[in-house]
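Engineer: structural data only, the sequence is not supplied:
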């Protein structure tokens, strides 16, 4: 399956954390910024992308604890494309999504 079709599949099968985050940022609900989800960039698919801010938001589940080297490489590749990568743990989304949004606003300097 090519990356575009794989990204479409991921949009259909989003995780619970992705669904919660998407509800908060879609349709310019967060700081009037446009976000896209599951966007192919280089050989990766970024969870959420805001082109205006050159921001990628990656939601990380428990499996990322064991894949730190992979995530570091991925982040470096995405940064070479001019993006800032902001990682959020799924648990943080579940526990206090409003705090996550506040922290993202701070990260963006807004």
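Structural biologist: Sure, I can see it. Note that this is a predicted model, so its numbers are computed, not measured.

Engineer: make sure residue 59 is indeed in a strand.
Structural biologist: Yes: under DSSP: H, G, I helix; E, B strand; the rest coil, residue 59 sits within a strand.

Engineer: what residues does it make contact with?
Structural biologist: 15, 17, 18, 21, 47, 48, 87, 88, 89, 90, 93 (CB atoms under 8 Å, 6 or more residues apart in numbering). All C-beta atoms are positioned from the backbone trio N, CA, C, and that covers glycine.

Engineer: at 10 Å instead, please
Structural biologist: 14-15, 17-18, 20-22, 47-48, 87-90, 92-93, 100 (CB atoms under 10 Å, 6 or more residues apart in numbering).

Engineer: residue 17 now?
Structural biologist: Taking CB under 10 Å, 6+ apart, we find residue 17 in contact with 47, 59-61, 88-94, 97, 100.

Engineer: now the buried members of these.
Structural biologist: Using 16 or more other CB atoms under 10 Å as the burial test, the contacts of residue 17 include 47, 59, 60, 88, 89, 90, 92, 93, 97, 100 as buried.

Engineer: gap between the first one and residue 88?
Structural biologist: Summarising the geometry, the distance separating residue 47 from residue 88, computed by CB to CB, to the nearest Å, is 9 Å.
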